[in-house]
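Peer 1: sequence unknown, structure follows:
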């Protein structure tokens, strides 16, 4: 098993985390290392649920803050092991969000007596279907472990406070046809050809921008998969385009589904997965206090994040982490190393004085 | 091992052949049964090459006719085992072309002393990439086994003589883009959306019809597969549409490739597989004699068939079989049972008196 030294420089710790591959569904080796490192500290209550590791202080403080980061990454794209170029650290997960997890673990190891009680959460399966999400599982199995006055998700925000989040919905748009031998194609009806207008509507789609509490949410509707074909000499009778709609938090999941059905009117549309967004929620006192402590103007969060899950549990939540959201899920994913230290320092100030 | 009784009614023999599944690449059990049945006759020279079974008379006649049928089928589409409805026999391969193989095997078993020497060929992997074709393999390994004055392929023609064949070419038309998180899709470029015009060109394509020697060849250009997508939350950077172009025998493979490149001008087009067509070739005396013996006017063959392979070897070849070409590769594939017997009788007359 990999042994993590939580005492090293946060950029070095980020590199160590990046170098343990943890594509969604295969987080166990990294979760094992994190659990062992937190247990070695000897002063935290530690709980393991699947590949989610939770730890907390129980000092009886009047306020509790929860810090959370997911351990999993999207599929590796020839971008492991990590490498350093100047003050940039490259590698799968460096931005989304092992630099955030490194900050979280460093603080857990080096803040023996924070001003508030703190819960530290490293969880699995954030990058895949919502029902697999480790935080969602903990909400069902050990709800009390998520109790807090404020949750801070160390998602990549480039060191800014990003408020609320967009919702996300996946749907399959299907076309059908009639099979035939491709040498006598006029006897069949080609389901892939029938998908041409579906792709054209996607290419022509004009996404909305919505401003709430001064935060602007920019939407998007994208094909994330297309599949069709039976054999190399058969006119195919089925084709499926999977689309992902990222919607501003002024729309409910229901309204988002209705919008997608409307865009693809005339086609068979089946929603396969959705998760509500979260409004910025900056009117909650604990959220406002954190924003004031960090000292930067809050922005809209574009990605769906688990702030929505906390919002649904009635817990104010914000995104704040050192990764660059624009590099998440790209081949050239990297993080600015000075920002990791800066983010750690800001959170240290807040947790020490809060 | 299945034991085939070659003495039964040809429709019953067809049903027995259909009930031994033989999707391309898994013909061995059926080839074993065919080989055993032909060896049991005791008067034919038998040769096995992979899952191709060849048998021939060696009576020193002045003329040799070769009859051939492929053992493989396209993937099963919930249409096994075979079933009879009125005078129709349903099942995967019933038309394309186990009814033809049944006629061939019946004749091999029941024509002990034909007027010409006869070579009987049951071969593998006709429904897949040309390089896997069993007949092509035999042409490389045992060329003398294919020597003949006329080759008759028992491909489905509905009891008509179908002359020559169209060529076939498969190509992959690719689009590319730039990966990004789908929550910030404006930072990426969606390769699936970029394929919209490719599908639109396919949907709008107007195929040619070409008449040669009184036979009209009708072309077709179809998507037979489409694939794209990385993960449910990533704007994909690659999409591939596989197309199949069936072209009249007035076009060479080279000209066909140039035409496809022209249709998809502006896109990356890569030819993955092609096979030349064959002109009708009805001017060859042996072919003309067969047409006269059967007594029906010859038509164009739409599907690519191995007549093109014989044409390339300098051997006149025609298609003639009981299956329905319009039902090949469909879920509802079936064959008219009276046509199987009729086809057997016509060939029996020709081989007895030729």
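Peer 2: Cool, the structure landed. The model shown is predicted, which means the values in this text are computed figures rather than measured ones.

Peer 1: what about residue A:132, how many residues close to it?
Peer 2: Using other C-beta atoms under 10 Å in any protein chain shown, residue A:132 has 16 neighbouring residues. From N, CA and C alone the C-beta is placed, and that goes for glycine too.

Peer 1: Starting from chain B, give me the distance back to it.
Peer 2: Remark: distance between residue A:132 and chain B (C-beta to the nearest C-beta, to the nearest Å) = 11 Å.

Peer 1: how about the closest residue to that residue other than its chain neighbours, what does it touch?
Peer 2: In space, and not counting its chain neighbours, residue A:132 is closest to residue A:125: 4.1 Å by C-beta to C-beta, 6 or more residues apart in numbering or on different chains. By C-beta atoms under 8 Å, 6 or more residues apart in numbering or on different chains, the residues touching residue A:125 are A:24-25, A:27, A:51, A:70, A:72, A:132-134.

Peer 1: Let's see that with 6 Å instead.
Peer 2: Residue A:125 makes contacts with A:24, A:72, A:132-134, as judged by C-beta atoms under 6 Å, 6 or more residues apart in numbering or on different chains.

Peer 1: Ok, residue A:219 next?
Peer 2: By C-beta under 6 Å, 6+ apart, the contact set of residue A:219 is A:207-208, A:246-248.

Peer 1: Give me the neighbour count for the residue nearest to residue A:331 when sequence neighbours are not counted.
Peer 2: Excluding its sequence neighbours, the residue lying closest to residue A:331 (C-beta to C-beta, 6+ apart) is residue A:77, at 4.3 Å. Residue A:77 has 17 neighbouring residues, counting by other C-beta under 10 Å.

Peer 1: Remind me which helix or strand residue A:77 belongs to.
Peer 2: If you go by DSSP states H and E, residue A:77 is not part of any helix or strand.

Peer 1: Just the pLDDT for it.
Peer 2: The model reports residue A:77 with a pLDDT of 92.

Peer 1: Residue A:354 too?
Peer 2: Confidence score, pLDDT, at residue A:354: 47.

Peer 1: what do you get for residue A:304?
Peer 2: pLDDT, residue A:304: 79.

Peer 1: which ones are touching it?
Peer 2: With contact taken as C-beta under 6 Å, 6+ apart, residue A:304 is in contact with A:165-166, A:168, A:275.

Peer 1: who touches the closest residue to it other than its chain neighbours in this structure?
Peer 2: Leaving out its chain neighbours, the residue that sits closest to residue A:304 by C-beta to C-beta, 6+ apart is residue A:168, at 4.1 Å. Residue A:168 makes contact with A:246, A:275, A:304 under the criterion C-beta under 6 Å, 6+ apart.

Peer 1: Mind putting the residues you listed into TSV with secondary structure?
Peer 2: Putting the contacts of residue A:168 into TSV (DSSP: H, G, I helix; E, B strand; the rest coil) gives the following:
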residue	secondary structure
A:246	strand
A:275	strand
A:304	coil
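
Peer 1: can I assume residue A:300 is in contact with residue A:213?
Peer 2: No - Residue A:300 is not in contact with residue A:213 according to C-beta atoms under 6 Å; the separation is 9.0 Å.

Peer 1: Looking at those two, which one has more neighbours?
Peer 2: Remark: of residue A:300 and residue A:213, residue A:300 carries more neighbours, 22 against 13, as counted by other C-beta under 10 Å.

Peer 1: The one helix or strand residue A:152 maps to: partners in the sheet, and parallel or antiparallel?
Peer 2: Assigned by DSSP H and E, residue A:152 falls within strand A:150-153. Here strand A:150-153 is paired, per DSSP bridges, with strand A:64-70 (parallel), strand A:317-319 (parallel).

Peer 1: Now the weakest link among these, please, by mean pLDDT.
Peer 2: Among those, strand A:317-319 scores lowest, with a mean of 92.
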